[in-house]
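Colleague: I need the structure of the sequence given here:
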Amino acid sequence: MLKSEKYPHPLSQANFPQLNEDEGGLNLGQVGAVLRRRLLLIGGTTALVATAAVLKAETDPPVYQGSFDILTKPVTGEDKVIANIPQAINGAENVAPPESTKEVQTTITVLRSPRVLNPIVEKLQAQYPDMTYDLLVYYLTITSPKQNILNIQYTSSDQKLVSDVLKLLADSYLQYSLQERQADVEQAIKFVDTQKQPLEKSLKYWQDQLRNLRLDNNLIEPSQKAQELSSQLSTLRQQRIENRVQLEQMVASYEELQRELAQAPGERAGNSLLSDNARYQKILDQIQAADIAVKQQSAVFTDENPTMVTLQQKKEYLLPLLAQEEARVQKDYQSRIQQLSARDRSLDEKITNVYSEIRKLATISRNYDNIQRELQISNAALTQFTTKQQSLQIEKSQKQQPWLLLDPTLTKVNEPLAISDSAKRNLALGGLLGLLLGVGTALVVDKLSNIFYSSQELKDATRLPLLGIVPLRKELEMVTKDNFGKGVQNSDGASFFEVFRSLYTNILLLGSDTPIRSLVISSAVQGDGKSTVATQLAQAAAAMGQRVLLVDANLRAPSLHNRVGLMNIQGLTDVISQDLDWHNVIEPSPLEDNMFVMAAGPIPPDSVRLLASQKMHNLMEELQVSFDLVIYDTPPLLGFADAYLLAANTDGLVLVAGLGKLKRTALQQALEQIQMSGTPLLGLIANKSKDAAPVSYQYYQQYYRQSISGEKATLDTVSSNGHSTGMASTLSKSQHR
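Modeller: I've put the predicted structure just below:
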């Protein structure tokens, strides 16, 4: 077998593609394509619905419509008075900003609610028994064309009913506005009364707390007490500093006195401490005078002389007095030092007590501030609510309606709608409804058709390789020698032929390791254009230098010989059944030099038996060895086994899908049969595509026209020089290829 193992087809894998509604669904791009395909259906539906709407408007009785406008934010005399009261709901500082869209819609919803309209319905039912809330609200329209303006419209075929309804609506809406304002004020008053009670209790509680704090701590203001303690502390500190200075001076003097007393009496004469004591100095002077007298008399008298004895006694008498005076001075210093030390201790104790009072005062001050703050908050809140209550009481006394009717006479009720206006309106509404209905119908019809219309739908649904997209060319579906030559001579035919060159290139790229030498071209059902694709692909491969054999293996309904301009005298049937040499059966194609065709020959009674024979197998091996590419055109896949038998001996099967004709169910069945048979599937070809031509083809057409113009000019020049025959023949052959 020639089946190549290097090209396993995607259907042999576990992820076999399944066509389902999700994969076949419409995206935005597909919706646009559907609308373009169903323009006639959409236009017809739109025209039908619009015409019916206009006819209905022409036959309907006259319709009357009345309307009036209401100003929802007027400034009345009462409002001007209330505006000067800051705590009023409608006060100057509480003026509400312009109504937002949500607020307007809320107001309109309330005005259309049963709570407002049911009383009107009850009044109308006395004269119009058939009137109900649903009927009233159905023909009632409320809009806000401008800021703070409500437009109320009512439509009916009964002119008097319109007038009665509008009058009742106007009275009801104006009364509603007054009731709403008073209800808001009453609700605010009730809220203020509810909030005042806890505020009064809170204020009394904090007043008691403040009184108890002052009584318990014997103070009026903590700040004043703090200033007193601060001044007292500063005075005590200064006194302690001065006392300690005196104490240090006194201790230093006492120590200096002790050092002086340790000296001899004669050495104390110049001492500053004892010299300041007059009594001590007088005794010391007397002792010194006695010493001088003793020394003076000792030169005359002896120590036993009464004079000397008297002088010695006088001196001895004076020395105890001097010692007593020294002791008295020391005691005086000691007493003063003790006094200064005691005063220093007393000052320390007083300073400590002041510090203790200051720390205690800090806690008291914090509690005092908290009480004052809570008291201030409660007092301010109570004052505000009291003021608010008084303002609300004044505002409650207003009796003027907040809303203002801009047209008290309601003269617009007497003017009926013109029939032409109703027709125009019905035409617009009918056209819009018809358009929506037409679009919906188009989408449903297109969905129910279950047909592939674009290559993208085919690719998304199958998830298989898309080898090429062949544009729709009806004039090339039956290609012959004559009409193809004419077709290629223009740029459109050249760009169309370029599609098959690209298709053959994509097929070559599938066999990067082992080239693809043979393939079967088939389709799911008849009419997908597989024979046209096979012919064009063979010609494109031949034009690219390949030696190509196109075999008409459709032994049930052969047609390739007509497409290439040959006779179906002998063919594949004769080679297999009569053992003819295939070299004598194949014919060169008139379309391309390297292209050969094997016609189908006579139609056999059992084509499957021939295609499944060993002779057919051997023939396919010989043909694949003898040609660069062998293309087999076969019957459709559904209902016939021909393509599966041939594909098993080739490098794979190429499936052609005719866009605009192929149904999803047919393709699904074909793919399932391909999977079950194990046939290698190389990919899909989207045929008869109506998508826009790629930019590359448009550029190719422009380039081709320029090339043709240049070559014609060259031919004319050469012909004038007498050398046109050979070159014209060469150019014609080049264009033909």
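Colleague: contacts, neighbours, all on C-alpha from now
Modeller: OK.
Colleague: Okay, strands next: where are they in the protein?
Modeller: Taking DSSP state E, the strands of the chain run over residues 63-71, 140-143, 149-156, 404-405, 416-417, 466-471, 518-523, 548-552, 587-588, 595-598, 629-633, 653-658, 681-689.
Colleague: Direction included, what does the fourth one pair up with?
Modeller: Strands adjacent to strand 404-405 in the sheet, as given by DSSP bridges, are strand 63-71 (antiparallel).
Colleague: Next, format the strands of the chain as a markdown table and append distance to D291.
Modeller: Listed next are the strands of the chain as a markdown table, based on distance: least, Cα to Cα, whole Å:
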| stretch | distance to D291 |
| --- | --- |
| strand 63-71 | 132 |
| strand 140-143 | 137 |
| strand 149-156 | 133 |
| strand 404-405 | 133 |
| strand 416-417 | 155 |
| strand 466-471 | 152 |
| strand 518-523 | 164 |
| strand 548-552 | 169 |
| strand 587-588 | 178 |
| strand 595-598 | 172 |
| strand 629-633 | 165 |
| strand 653-658 | 160 |
| strand 681-689 | 155 |
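Colleague: weakest of the ones you listed by average pLDDT?
Modeller: Among the strands of the chain, strand 416-417 carries the lowest mean pLDDT, at a mean of 44.
Colleague: What mean pLDDT does stretch 529-545 get?
Modeller: Per-residue scores along stretch 529-545 average to 90.
Colleague: Contacts made by that stretch with the rest, please.
Modeller: With Cα atoms under 8 Å, 6 or more residues apart in numbering as the test, stretch 529-545 has contacts from 476-479, 497-498, 500-501, 503-504, 521-523, 547-550, 559-560, 563-564, 591-595, 631-633, 656-658, 687-688, 737.
Colleague: and those, which are buried?
Modeller: Applying 16 or more other Cα atoms under 10 Å to the contacts of stretch 529-545, the neighbour count classes 476-479, 497-498, 500-501, 503-504, 521-523, 547-550, 559-560, 563-564, 591-592, 594-595, 631-633, 656-658, 687-688, 737 as buried.
Colleague: so where's the stretch 201-350 of the chain uncertain?
Modeller: Where the stretch 201-350 of the chain drops to pLDDT under 70, the residues are 264-276, 278.
Colleague: That one: helices as residue ranges?
Modeller: For the stretch 201-350 of the chain, the helices defined by DSSP state H, counting those that start in this stretch cover 222-261, 272-275, 278-297, 306-396.
Colleague: how far does the longest one sit from the chain's center?
Modeller: Its chain's average C-alpha position is 74 Å from that of helix 306-396, according to Cα atoms, centre = their mean, to the nearest Å.
Colleague: Which other helices and strands does that helix contact?
Modeller: helix 159-217, helix 222-261, helix 278-297 (3 or more Cα pairs under 8 Å, 6 or more residues apart in numbering; DSSP states H and E).
Colleague: now it against helix 278-297, angle please.
Modeller: Interaxial angle of helix 306-396 relative to helix 278-297 (axes from the mean of the first three to the mean of the last three Cα atoms, to 10 degrees): 160 degrees.
Colleague: try the first one
Modeller: Here the directions of helix 222-261 and helix 278-297 differ by 10 degrees (the same axes, to 10 degrees).
Colleague: elements contacting helix 222-261?
Modeller: Here helix 222-261 touches helix 272-275, helix 306-396, going by 3+ Cα pairs under 8 Å, 6+ apart.
Colleague: want to throw these into JSON lines with distance to S172 and mean neighbour count?
Modeller: JSON lines is the format used below for the helices and strands packed on helix 222-261 (distance: least, Cα to Cα, whole Å; neighbours: other Cα atoms under 10 Å):
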{"stretch": "helix 272-275", "distance to S172": "115", "mean neighbour count": "15"}
{"stretch": "helix 306-396", "distance to S172": "20", "mean neighbour count": "16"}
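Colleague: tell me which residues in stretch 294-308 are buried?
Modeller: Across stretch 294-308, burial judged by 16+ other Cα under 10 Å covers V294, Q297, T307, M308.
Colleague: With distance to Q668 as added columns, please give the residues you listed in CSV.
Modeller: Below are those laid out as CSV (distance: Cα to Cα, whole Å):
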residue, distance to Q668
V294, 163
Q297, 167
T307, 170
M308, 167
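Colleague: so which of those residues comes closest to T363?
Modeller: Nearest to T363 out of the buried residues of stretch 294-308 is V294 (Cα to Cα; 80.5 Å).
Colleague: who touches that closest one in this structure?
Modeller: By Cα under 8 Å, 6+ apart, the contact set of V294 is M308, L311, Q312.
Colleague: ok, the second one to N506 distance?
Modeller: Read it as L311. Applying Cα to Cα, to the nearest Å, the value for L311 to N506 is 160 Å.
Colleague: cool, the first one as well?
Modeller: When distance is defined by Cα to Cα, M308 is 163 Å away from N506.
Colleague: Number of residues surrounding I507?
Modeller: By the criterion of other Cα atoms under 10 Å, I507 has 19 neighbours.
Colleague: Could you report the pLDDT at it?
Modeller: Per-residue confidence at I507 stands at 86 (pLDDT).
Colleague: number of nearby residues for the closest residue to it other than its chain neighbours?
Modeller: The shortest distance from I507 to any residue other than its chain neighbours is 7.0 Å, reached at L467 (Cα to Cα, 6 or more residues apart in numbering). Using other Cα under 10 Å, L467 has 21 neighbouring residues.
Colleague: likewise the one 3 residues further on?
Modeller: Look at V470: counted by other Cα under 10 Å, it has 26 neighbours.
Colleague: Which parts of the stretch 601-737 of the chain are helices?
Modeller: 607-611, 614-626, 642-647, 664-677, 695-720, 724-736.
Colleague: Among those, show the one with the smallest mean pLDDT.
Modeller: The weakest mean pLDDT among the helices of the stretch 601-737 of the chain belongs to helix 724-736, with a mean of 33.
Colleague: Mind exporting the C-alpha coordinates of stretch 540-560 to PDB?
Modeller: Output of stretch 540-560 as PDB, limited to C-alpha atoms (Å, rounded to 0.1, in the frame of the first residue of the first chain):
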ATOM      1  CA  ALA A 540      -1.700  25.000 -11.300                       C
ATOM      2  CA  ALA A 541       0.700  22.200 -10.300                       C
ATOM      3  CA  ALA A 542       1.500  21.700 -14.000                       C
ATOM      4  CA  ALA A 543       2.100  25.400 -14.500                       C
ATOM      5  CA  MET A 544       4.600  25.300 -11.600                       C
ATOM      6  CA  GLY A 545       6.700  22.600 -13.500                       C
ATOM      7  CA  GLN A 546       5.200  19.400 -12.100                       C
ATOM      8  CA  ARG A 547       4.300  16.500 -14.300                       C
ATOM      9  CA  VAL A 548       0.600  16.100 -13.300                       C
ATOM     10  CA  LEU A 549      -1.900  13.400 -14.100                       C
ATOM     11  CA  LEU A 550      -5.600  14.100 -13.500                       C
ATOM     12  CA  VAL A 551      -7.600  10.900 -13.200                       C
ATOM     13  CA  ASP A 552     -11.400  10.900 -13.500                       C
ATOM     14  CA  ALA A 553     -12.200   8.200 -10.900                       C
ATOM     15  CA  ASN A 554     -15.900   9.200 -10.800                       C
ATOM     16  CA  LEU A 555     -17.000   6.100 -12.700                       C
ATOM     17  CA  ARG A 556     -20.600   6.800 -11.800                       C
ATOM     18  CA  ALA A 557     -20.900  10.300 -13.400                       C
ATOM     19  CA  PRO A 558     -17.700  11.300 -15.200                       C
ATOM     20  CA  SER A 559     -17.300  14.900 -16.200                       C
ATOM     21  CA  LEU A 560     -13.600  15.800 -16.300                       C
END
